[in-house]
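Enquirer: This is a predicted model, with the sequence first.
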Amino acid sequence: MNKILCNTIDYVFAENIVLINENNIVLKTGHEWKNLPVKERPVYSSQRLQDDAGPYREQSVTAITKYNEAPELKKRVAFSVVLRMRTDSETFYVGTDRFHCMTEISDDMINDTFTFKVKSVN
């Protein structure tokens, strides 16, 4: 499944989350969503797959920013994050309290390319 996204991605480090339910994420006091300032529309994909352990869902988001636009996220790439994304009609989250996004970053000294991936059982 692909969705048409608005030009906005917010992220929070998983360690700063108190509670996640179906439609809301509550953050620890003093923490807030951080915006990832993208240069073009992010690309979101989701698919259901099967392996020997059973079915799982794999989601990925790719976003391009100016080089070094999100230095905190680049410094803490090994930390898990949850994304908040919007379409023209809804807000949805990528990642949960049990299945966080892992981040991969590549750069060419002009742009950074962030790829967020999460596998979950559901």
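Expert: Cool, got the structure. All values reported here derive from a predicted model rather than from experimental measurement.

Enquirer: leaving aside the residues next to it on the chain, what's closest to residue 113?
Expert: residue 106 (4.9 Å; Cβ to Cβ, 6 or more residues apart in numbering). Where C-beta positions appear, they are placed from N, C-alpha and C, glycine not excepted.

Enquirer: Could I get the contacting residues of the one you found?
Expert: Residues touching residue 106, when contacts are defined by Cβ atoms under 8 Å, 6 or more residues apart in numbering, comprise 112-113, 115.

Enquirer: tell me the pLDDT at it?
Expert: The model reports residue 106 with a pLDDT of 91.

Enquirer: picking that back up, go through the contacts of residue 106 and name the one nearest residue 24.
Expert: When the contacts of residue 106 are compared for distance to residue 24, the smallest value, 26.0 Å, is given by residue 115; criterion: Cβ to Cβ.

Enquirer: mind checking the backbone torsions on the closest one?
Expert: When quoted as degrees, to the nearest 10, the phi and psi of residue 115 stand at phi -120, psi 120.

Enquirer: number of nearby residues for the closest residue to it other than its chain neighbours?
Expert: Closest residue to residue 115 in three dimensions, ignoring its sequence neighbours and counting by Cβ to Cβ, 6+ apart: residue 104, at 4.5 Å. Using other Cβ atoms under 10 Å, residue 104 has 12 neighbouring residues.

Enquirer: Tell me which helix or strand residue 104 sits in.
Expert: Assigning secondary structure by DSSP states H and E places residue 104 in strand 102-107.

Enquirer: what lines up beside that strand in the sheet?
Expert: If you go by DSSP bridges, strand 102-107 pairs up with strand 111-120 (antiparallel).

Enquirer: Next, the buried residues of the strand it pairs with.
Expert: Taking 16 or more other Cβ atoms under 10 Å as the basis for neighbour counts, the residues of strand 111-120 that come out buried are 112, 114, 116, 118.

Enquirer: Equivalent analysis for stretch 60-70, please.
Expert: Taking 16+ other Cβ under 10 Å as the neighbour-count basis, stretch 60-70 is seen to contain the buried residues 60-61, 63-65, 69-70.

Enquirer: hmm, who's touching that stretch?
Expert: By Cβ under 8 Å, 6+ apart, the residues outside stretch 60-70 that reach it are 9, 34, 36-40, 42-46, 74, 83, 85, 94, 101, 107-118.
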